[in-house]
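Trainee: model this:
(one chain, ligands or ions: 2)
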Amino acid sequence: MTPIRIVADENMPGLAPFEALGTVRRVDGRRLTRIDLADTEVLLVRSVTRVDRALLEGTPVRFVGSATIGTDHVDRAALKAMGVAFAHAPGCNARAVAEYVLQALLLACREQGRTLRDSSVGIVGLGNVGSRVAQWLSALGVTVLACDPPLQRAGADTVVPLTDLDTVLAADLVTLHVPLTRQGPDATFHMLDRERLSRLGPRQTLLSTCRGAVVDNQALRERLTDADAPLVLLDVWEGEPRIDAGLLTRVRLGSPHVAGYSVEGKWLGTAMLHQAFRLWRGESAGVPVMAGERPILEHPVANEGDLLMLLRRAYRIDDDDRRLRASVDDIDPGRAFDALRRDYPPRHELHHWRHRGEATPALGALLSLLFDPPGAGSAMPAPALDRP
Ligand SMILES: NC(=O)C1=CN([C@@H]2O[C@H](COP(=O)(O)OP(=O)(O)OC[C@H]3O[C@@H](n4cnc5c(N)ncnc54)[C@H](O)[C@@H]3O)[C@@H](O)[C@H]2O)C=CC1
Ligand SMILES: O=C(O)C(=O)[C@H](O)COP(=O)(O)O
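Mentor: Numbers count the residues shown, from 1 in each chain. Ligands and ions are numbered 1, 2, ... in the order given. You can find the predicted model right below:
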């Protein structure tokens, strides 16, 4: 069989199954151009590469895979029109993002002198990430308000009942999990605009881990100068990698678009693309399996403080916050932002371990979901494939 020529983002682990098919050339995805693809059949990207007609025209690329959940960087209609197959990895890093969100919500509650259990949480977008967050919070006994008009119109079965956006934005803590879309009735570009931001009060928390432009960053920076501003935690920014340093100084915690950056989430993203590639070629494709010993993590959980400490044994958002704040002093902050992501320290999702330790019934129910290995109770996500 003729070896396949593959170009892959340098920030993509787990490429061995692709290396077995041909040659893999690693490139800086942010700087990839058409010239890099002159002799390439397969292109594997992450969210930092804009994939459109201009990039692919005149190249032999026939399959593009993005090891991400979000697809706003890909012009899927153009690829279809050009006869190029496209695959991505819905759900690959949903657990990593949900763990980030749970920790962020607990940190915000601690800061605001409340418990998560006695707070209401609003979830905007109840897909792979939002529904997992909703499921975990419900297990804890938290009041969850969620909105998702596309799911509502489809009459989908959801883990919590759906309501409208304004009701959700009145919750004590609001977390955003929508795709970035610019057209149609559900467009999310600047969904949190100046007016909606003005309605968030000082006892509220806003957390965004979806895409920067879902929140109007300039309006947010200005809102955060008000005495009655909400507490804000941001993982995603408009204009990445050159983010607004003034906004960063005003948010309580900031990170460089790494909520989904777990070892397992990144590995699964690539594995799902390999699965999709085999399906596209008409070959049978097994389900990715994450093998390995699961060490014991001993940690009794009697209250939310213990839960927060447990989450922080796996990962601490404030480490990312510290590194991001230091990076804006770099001579080239955009390059420093990307370097933080490229050189990200290994971070495991909780199911990497087996939990041991006493817990209250509500916390115990949550812990069993958090430590449930994929493919056991929770189904392994499947890739999405557009065949032209
Ligand atoms: N910070 C990070 O590292 C990561 C960020 N993301 C971002 O998070 C987003 C959400 O991830 P998933 O939950 O996995 O995506 P998903 O596609 O499974 O779910 C998105 C949900 O949002 C809903 N939605 C669409 N428009 C809406 C609107 N106007 N209002 C309310 N709901 C709306 C959809 O119906 C869908 O149920 C991704 O699109 C991606 O951009 C995803 C993974 C990692
Ligand atoms: O999956 C997504 O969607 C994401 O936002 C990614 O986790 C972001 O990582 P990169 O693709 O930019 O490395």
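Trainee: Not counting sequence-adjacent ones, nearest residue to whatever residue of the chain ends up closest to ligand 1?
Mentor: Residue nearest to ligand 1 within the chain (CB to the nearest ligand atom): Gly127, separated by 1.7 Å. Every residue, glycine included, has its C-beta placed from N, CA and C. The shortest distance from Gly127 to any non-neighbouring residue, by CB to CB, 6 or more residues apart in numbering, is to His177 (6.5 Å).
Trainee: rewinding a little: hmm, Leu176 and the residue of the chain closest to ligand 1 touching each other?
Mentor: No: contact criterion CB atoms under 8 Å: Gly127 and Leu176 do not qualify, at 11.6 Å.
Trainee: Could you check which of the two is surrounded by more residues?
Mentor: The residue with more neighbours, out of Gly127 and Leu176, is Leu176; 25 against 18, by other CB atoms under 10 Å.
Trainee: Run through the bridge partners of the closest residue to Cys210 other than its chain neighbours.
Mentor: With CB to CB, 6+ apart as the criterion, Cys210 has its nearest non-adjacent residue at 4.9 Å, and that residue is Leu176. Here Leu176 sits in beta bridges with Val124, Ser208, going by DSSP bridges.
Trainee: who touches Leu176 in this structure?
Mentor: 124-125, 191-192, 206-210, 214-215 (CB atoms under 8 Å, 6 or more residues apart in numbering).
Trainee: Kindly recompute the last result at 7 Å.
Mentor: Leu176 is in contact with 124-125, 208, 210, 214, counting by CB atoms under 7 Å, 6 or more residues apart in numbering.
Trainee: One more: Pro179?
Mentor: Shown in contact with Pro179 (CB under 7 Å, 6+ apart): 70, 72, 188.
Trainee: for those, which one is nearest ligand 2?
Mentor: Relative to ligand 2, the closest of the contacts of Pro179 is Gly70; by CB to the nearest ligand atom it sits at 3.1 Å.
Trainee: now that we have the contacts of Pro179, which one has the most neighbours?
Mentor: Going by other CB under 10 Å, Thr188 tops these with 21 neighbours.
Trainee: circling back to that earlier point, correct me if wrong: the residue of the chain closest to ligand 1 contacts Val159.
Mentor: No: look at Gly127 against Val159 with CB atoms under 7 Å: they stay out of range, at 11.1 Å.
Trainee: thinking again about what came up before, distance of the residue nearest to Gly127 relative to Pro241?
Mentor: Relative to Pro241, His177 is positioned 22 Å away (CB to CB, to the nearest Å).
Trainee: Compare these two (neighbour count), which wins?
Mentor: A count of neighbours by other CB under 10 Å puts His177 above the other of His177 and Pro241, at 28 against 20.
Trainee: how much space between the more buried one and Asp235?
Mentor: 12 Å.
Trainee: same question, Arg117
Mentor: The separation that Arg117 has from Asp235, given CB to CB, amounts to 24 Å.
Trainee: For those two, work out which one has more neighbours and name it.
Mentor: Asp235 (26 against 15).
Trainee: Tell me the pLDDT of the more buried one.
Mentor: We have a pLDDT of 98 for Asp235.
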